[in-house]
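Novice: how would this look folded up:
(3 chains)
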Amino acid sequence: MSPYLFVLVAEGLSALINIVVSKGDIHGIQIFRGTPKVSHLLFTGDYFLFYRATLTEVTNLMGLLRSYAEASGQEINMTKSEVFFSHNICRPAREDMACIMGVHQVLGTSMYLRLPSIIGRSKKANFAFIKDHLLKKINSWRGRSLSKAGKEVMTKLVLQAIPSYIMSDSVILDDIMKDIKKMLNCFWWGGINTNKGVMWLAWEKLMYSKKEGGLGFRDFNMDMVTKQGFHMMTKPKMLVSKVFKARYYPRSSFLEVSLGNNPSFVWRTLWRSRKFLTLGCRWSIGDVSRIKVMSEPWLRGMNKVAWEVLKGKCVYDINVDNVRLTNVKQWDVQEIRDVFTHDVANDILKVPLLEDVLEDSMVWKEEQNEVYRVKSSYWLLRSFQTNRLICREEGDWGSLWNIKAPPRAKHLLWRIFRGCLPTRKKLRQHFVQCTPNCQLCENSEEDECHVFFGCGTTNQSWRETGLYSNIEPCLNNFSDVNALILDICSIKDMRNAGRVAVLIWMIWNNRNNAIWNNDREEASKLGMQAYHT
DNA sequence: GAAAAGGAAGTAACCCGATT
DNA sequence: AATCGGGTTACTTCCTTTTC
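Specialist: Next comes the predicted model:
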């Protein structure tokens, strides 16, 4: 059945339930005083019904479901349904009621929408399934030979998307995260049939952005969680927002509340996102404002919320309304200058009071449309972490990725720059047993310089393409391959740079074919191919 | 030889029920 | 509603082993 029909029919069920609830025949559950009573949650074909575990309510519910089935013509499959009882219902009572309804009892350990429905103490075990998913996916792709560029797409679009669903409302444990990164790194550096191989770079270094010399793999976990926090603040009318607000911060705002007692796992996660929200969120001030001056982020262009105060006696109690003229939407300049230090006062006066903002509303300052985006949040958080481990690798990485060449060629250049191209010399440095000499000419040691510029065949192919005139002067000036290639890539003519990149890739490809498949191309042919790509 | 992985042990955090 | 404590689980740190 089409999903739309499902929704239409479900509306009917929802209405039915509402009627019965309002008559008092069935009571929804309330997890806390002040939270809305929830009697049902519907998600496409899945229905969650909540009610008291008494015989009358059970029979009422069954009657309701029967009339729904008759009216809609939809059979409810009781064998596929499950019931979960609270701990304080004794065993015989549970069995009786389950029997009346004709459904299984569950312990609550099952999964719903690919998420564990109850998260207990051993989260490691609860979330271990993520690793299985990933492993399956990787295995299903093993055996196909993917270029590094292909693997990049695969990793970014497929593999990292698997945990993202779970990541959107729970922070994955470090241990599991470590394993995931390990798996991805193995996949990245591994060969066709095996995930083994020299891991030339740690995953953390691949997570640098492309401009910083990495490949831009990301970990969005915290940012996705923060998105939920943003929703919680900006959409107070959503059911979840209401429930969480009533349970955890009934009298204060989301940003200033303490963790509270008996916090749930999800609340813990949301709660942690506050400090990241304060980095990118700003209040837009409405007509009547309850924003507390000291504890809420509402100033523009300030990284810290706290500041120095002149007459600091009760600033913690005042809100924005107190430093504003009544009736007119303007700052009370006199008052502000009296209470705050000079700099702070200037900052305050810079905050615009917009006529068309009626109510206080939270906006995301990193985006034009002021709506939270995981992407901008990621860069924001990262910019705050720069003083820690994250530092960029030296080099002009921008020009590398801007070259007009197929991605596979650019990836090869990147590997050369990063010093992780498995030439014989490099392999021996990593203590892999192999002969040191070039496999094509067997004259000299195989290092990058020799492969791409020194070897007889390659030299010839440079001439064939007519690019030799470009690189010849460089050969004498630079001793370092990186600097040489970089110089060629930064020449104005992007088409030429692209040709150089392609030819380099063809040379490397030819070398690999020669070594592994004993299949060697003529230099002239290489040159021609590179020229016409 | 270097980096990653594994192990052990001590410490912090957490869950959850009991208590008032 | 809030706090406390017992028992687990997770994290940290340091060290050794393994792998290429």
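
Novice: Excluding chain neighbours, give the residue nearest to residue A:416 in space.
Specialist: Nearest residue to residue A:416, sequence neighbours excluded (Cβ to Cβ, 6 or more residues apart in numbering): residue A:448, at 6.0 Å. For glycine as for every other residue, the C-beta is placed from the backbone atoms N, C-alpha and C.

Novice: which residues does that neighbour contact?
Specialist: The contact partners of residue A:448, by Cβ atoms under 8 Å, 6 or more residues apart in numbering, come to A:416, A:421, A:423, A:425, A:481.

Novice: what's around the fourth one, how many residues?
Specialist: Residue A:425 has 19 neighbouring residues, counting by other Cβ atoms under 10 Å.

Novice: Just to check, it is in contact with residue A:444?
Specialist: No: the pair residue A:425 / residue A:444 is not scored as a contact, 10.4 Å apart, by Cβ atoms under 8 Å.

Novice: and the residue nearest to residue A:416, how far is that from DNA strand C?
Specialist: Using Cβ to the nearest atom of the strand, to the nearest Å, residue A:448 is found at 19 Å from DNA strand C.

Novice: Run a quick check on residue A:177 versus residue A:222, I expect a contact.
Specialist: No: at 11.1 Å, residue A:177 does not count as touching residue A:222 under the criterion of Cβ under 8 Å.

Novice: okay, and the common contacts of the two?
Specialist: Joint contacts of residue A:177 and residue A:222 (Cβ under 8 Å, 6+ apart) do not exist.

Novice: give the contact list for the residue nearest to residue A:95 when sequence neighbours are not counted.
Specialist: Residue nearest to residue A:95 in three dimensions, not counting chain neighbours: residue A:105, with 7.6 Å by Cβ to Cβ, 6+ apart. By Cβ under 8 Å, 6+ apart, residue A:105 lies in contact with A:82-85, A:94-95, A:98.

Novice: from these, which single one is nearest DNA strand B?
Specialist: residue A:85 (13.2 Å; Cβ to the nearest atom of the strand).

Novice: what about that closest one, how many residues close to it?
Specialist: 18.

Novice: Need the phi and psi values for it.
Specialist: phi -100, psi 150 (degrees, to the nearest 10).

Novice: Next: residue A:471.
Specialist: According to degrees, to the nearest 10, residue A:471 has phi -90, psi -20.

Novice: for residue A:115, same thing?
Specialist: Residue A:115 has phi and psi values of phi -120, psi 150 when expressed as degrees, to the nearest 10.

Novice: And for residue A:483?
Specialist: Backbone geometry at residue A:483, expressed as degrees, to the nearest 10, gives phi -60, psi -40.

Novice: For PyMOL, what selects the buried ones among the contacts of residue A:105?
Specialist: With 16 or more other Cβ atoms under 10 Å as the criterion, this PyMOL line picks the buried residues out of the contacts of residue A:105:
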select buried, chain A and resi 83+84+85+94+98
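
Novice: Would you mind giving the contacts of residue A:105 as JSON lines with secondary structure, distance to DNA strand B and pLDDT added?
Specialist: Converted to JSON lines, those look like this (DSSP: H, G, I helix; E, B strand; the rest coil; distance: Cβ to the nearest atom of the strand, whole Å; pLDDT from 0 to 100):
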{"residue": "A:82", "secondary structure": "strand", "distance to DNA strand B": "19", "pLDDT": "81"}
{"residue": "A:83", "secondary structure": "strand", "distance to DNA strand B": "19", "pLDDT": "83"}
{"residue": "A:84", "secondary structure": "coil", "distance to DNA strand B": "14", "pLDDT": "79"}
{"residue": "A:85", "secondary structure": "coil", "distance to DNA strand B": "13", "pLDDT": "79"}
{"residue": "A:94", "secondary structure": "helix", "distance to DNA strand B": "16", "pLDDT": "81"}
{"residue": "A:95", "secondary structure": "helix", "distance to DNA strand B": "20", "pLDDT": "84"}
{"residue": "A:98", "secondary structure": "helix", "distance to DNA strand B": "21", "pLDDT": "85"}
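
Novice: of the contacts of residue A:105, closest to residue A:456?
Specialist: residue A:82 (72.4 Å; Cβ to Cβ).

Novice: residues contacting that closest one?
Specialist: Counted by Cβ under 8 Å, 6+ apart, residue A:82 has contacts A:103-106, A:110.

Novice: I'd like to know which of those residues are buried.
Specialist: Buried among the contacts of residue A:82 (16+ other Cβ under 10 Å): A:103, A:105.

Novice: Right, I'll call it a day here.
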